[in-house]
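Q: Sequence unavailable; structure follows:
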């Protein structure tokens, strides 16, 4: 049951800030990849395309199989559909894809009895601690996959590109959330009470992308999460502080109530996913608004105009959009001066 509190004689629903929705192990792994790498060159994250997850990062394209279990190497090589012409296993499904810059990752809780033999990679690509298969393990893989049609030449070229990652969190919601929020802190992403709200937003977007059906090559674009979106979502402490200062000033000037201040903070996270069109509409119709006056004067004028442009959008959402545009305008003015 959501927790309702009364502030300034108005009710605030804290349930959304507490409950973590849309969790599954694959979402947690995709979220971890996003948190660790969103600020790297050419970063793109694809959900449920040719593999569970695909990542463009710098000059690499990584195919990732995600299994929220502890499995042995024998499990990874266990043949499905033994009586079919299309024999496959977890390992073969991962490496059957081709790309000129390909890497192949399998993500697990652990490799059971075989984990002691893996070799820590000297350089990591997507995760913080990646592992390579030992020579003995590679020989086992070659012998098994040759049985289902792979050539030794193909396997010798692909096995050096194969890696393992063992998640530091279990396949449990709270365990994963605690670790992911810690990773956000390490990246200087503002979390405190926003940690689970950020994860809810990220899980929601990942689920949306997973549900998109690919019917044409163009549909793959609908499955991606890009650097621009993630940079906006993962505000740094500095950017978040500017928004909080503006909200505090608007509250002090009595343009917003305390519950509205709380709700506006939550709406900031939803702009990129749910309010792109309203923001674009405001940006176009308020293109030349002046930010040189005091905050009360500027936002009183902007609110009146915005409510006419977006009559069906609530006040908290409109304020979130206006503050976002205001900060954008501040950045543009700063760049013009520089």
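A: Right, received. Where do you want to start? All values derive from a computational prediction rather than experimental measurement. Residues are numbered from 1 along each chain as shown.
Q: State the helix or strand in which residue 154 lies.
A: helix 152-158 (DSSP states H and E).
Q: helices or strands next to that helix in the packing?
A: If contacts are counted by 3 or more CB pairs under 8 Å, 6 or more residues apart in numbering; DSSP states H and E, helix 152-158 sits against helix 135-146. In short, each C-beta sits where N, CA and C put it, glycine included.
Q: Any buried residues in the helix it packs on, and which?
A: Within helix 135-146, the residues scored as buried using 16 or more other CB atoms under 10 Å are 137-138, 140-142, 144-145.
Q: Also stretch 90-98?
A: Residues 90-96 are the ones in stretch 90-98 that count as buried (16+ other CB under 10 Å).
Q: mind giving me CSV with those and columns for pLDDT, distance to residue 226 and secondary structure?
A: Below are the buried residues of stretch 90-98 laid out as CSV (pLDDT from 0 to 100; distance: CB to CB, whole Å; DSSP: H, G, I helix; E, B strand; the rest coil):
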residue, pLDDT, distance to residue 226, secondary structure
90, 95, 29, helix
91, 97, 30, helix
92, 96, 30, helix
93, 94, 26, helix
94, 96, 24, helix
95, 96, 26, helix
96, 94, 26, coil
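Q: Among these, which one sits closest to residue 169?
A: For the buried residues of stretch 90-98, the closest approach to residue 169 (CB to CB) belongs to residue 90, at 20.7 Å.
Q: re the thing from before, compute the inter-axis angle for the helix or strand following the helix holding residue 154 and helix 135-146.
A: Sequence-wise, the next helix or strand downstream of helix 152-158 (DSSP H and E) is strand 162-166. For strand 162-166 against helix 135-146, the angle by axes from the mean of the first three to the mean of the last three CA atoms, to 10 degrees is 110 degrees.
Q: For the next helix or strand after strand 162-166, which residues meet the burial criterion?
A: Using DSSP H and E, the helix or strand that follows strand 162-166 in sequence is helix 173-186. Of the residues in helix 173-186, 173, 176-177, 180-181, 183-184 count as buried by neighbour count, 16+ other CB under 10 Å.
Q: Quick one: those as TSV, columns for pLDDT and distance to residue 294 too.
A: Output for these, formatted as TSV (pLDDT from 0 to 100; distance: CB to CB, whole Å):
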residue	pLDDT	distance to residue 294
173	90	45
176	94	44
177	92	40
180	95	39
181	93	36
183	95	39
184	93	34
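Q: Can you tell me, leaving aside adjacent residues, what's nearest to residue 263?
A: Leaving aside its chain neighbours, residue 263 sits nearest to residue 316 (4.0 Å; criterion: CB to CB, 6 or more residues apart in numbering).
Q: tell me which element the one you found is part of?
A: Element membership for residue 316, per DSSP H and E: helix 315-337.
Q: what's next to that helix, contact-wise?
A: Outside helix 315-337, the residues that touch it by CB atoms under 8 Å, 6 or more residues apart in numbering are 239, 242-243, 246-247, 250, 256, 260, 263-264, 267-268, 270-271, 275, 278-279, 282-283, 286, 289, 291, 298-299, 302-303, 306-307, 310, 313.
Q: buried set for it?
A: For helix 315-337, the neighbour count (16+ other CB under 10 Å) marks 315-326, 329 as buried.
Q: In a markdown table: those, plus pLDDT and distance to residue 113.
A: Formatted as a markdown table, the buried residues of helix 315-337 follow (pLDDT from 0 to 100; distance: CB to CB, whole Å):
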| residue | pLDDT | distance to residue 113 |
| --- | --- | --- |
| 315 | 95 | 60 |
| 316 | 95 | 54 |
| 317 | 95 | 54 |
| 318 | 95 | 58 |
| 319 | 96 | 57 |
| 320 | 94 | 52 |
| 321 | 95 | 55 |
| 322 | 94 | 58 |
| 323 | 94 | 55 |
| 324 | 90 | 52 |
| 325 | 90 | 57 |
| 326 | 90 | 58 |
| 329 | 82 | 59 |
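Q: Closest to residue 151 out of the residues you listed?
A: residue 324 (54.1 Å).
Q: low pLDDT regions in the stretch 51-200 of the chain?
A: 193 (pLDDT under 70).
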